[in-house]
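**Q** Below are the sequence and a predicted model for it; my questions follow.
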Amino acid sequence: MKVQQCMSSNVEVCAPDDTIRDVARKMVECDCGVMPIGENDRLVGVVTDRDIAIRAVAEGKGPDTPARSVMSQEVLYCYDDEDIQEVSDNLAMLKIRRMPVVNRDKHLVGIVSLGDITMSDGRAGEIAFRGVSQPGGPHQQA
């Protein structure tokens, strides 16, 4: 099965200068825990609910703080025509729960989550969940 068959394709994007309040509100509207940050038709970062908690609230930053100051600039993504087993393995290895999905022209077309994969392929989701649950990973907040 390919990622495009299980990803969420209704993706909202915020701008780097949007406030974290705006990003959080959009997360509520979309019922999601990650918000892609785009500028000039390019994906320049992502903000997760954890980024808001750890990089903003815990650091004493207010709700008018720009998203660019708390976003992860290293955007890890996958392609919409990749096999979900491959993406699942990458999620496990990288210890992340969600990943932006781009087409081969590198335009954002969706988001794939651990839940999306588990609903489509329980075995692939289980393997990814076990990997993601291990300590460490490139996006530690320390």
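**A** Received, thanks.

**Q** For the residue of the chain most remote from its centre, give me the pLDDT.
**A** Going by Cα atoms, centre = their mean, the residue of the chain most distant from its centre is Gly60, 23.6 Å out. Note for Gly60: predicted pLDDT of 95.

**Q** just use 421 as the starting number from now, easier for me
**A** Taking 421 as the first residue, the last one we looked at is Gly480.

**Q** what sits against it?
**A** Gly480 sits next to no residue when contact means Cβ atoms under 8 Å, 6 or more residues apart in numbering. To be clear about C-beta, it is placed using only N, CA and C from the backbone, and glycine gets the same treatment.

**Q** Next: the one 10 residues further on.
**A** Counting by Cβ under 8 Å, 6+ apart, Val490 touches Ile440, Val467, Asp471, Ile472, Arg475, Ala476, Lys481.

**Q** buried subset of those?
**A** Ile440, Val467, Asp471, Ile472, Arg475, Ala476 (16 or more other Cβ atoms under 10 Å).

**Q** Three-state assignment for the third one, please.
**A** Remark: Asp471 carries the secondary structure label helix [criterion: DSSP: H, G, I helix; E, B strand; the rest coil].

**Q** Confirm for me that it is in contact with Arg488.
**A** No - counting by Cβ atoms under 8 Å, Asp471 stays clear of Arg488, with 11.4 Å between them.

**Q** thinking again about what came up before, and the buried ones among the contacts of Val490, which is closest to Val433?
**A** Using Cβ to Cβ, Val467 comes nearest to Val433 of these, at 10.8 Å.

**Q** Phi first, then psi, for the closest one.
**A** Per-residue torsions, Val467: phi -120, psi 130 (degrees, to the nearest 10).

**Q** hey, what's it bridged with?
**A** Beta-bridge pairing for Val467 (DSSP bridges): Met455.

**Q** gap between it and Lys422?
**A** Distance from Val467 to Lys422, counting by Cβ to Cβ, to the nearest Å: 27 Å.
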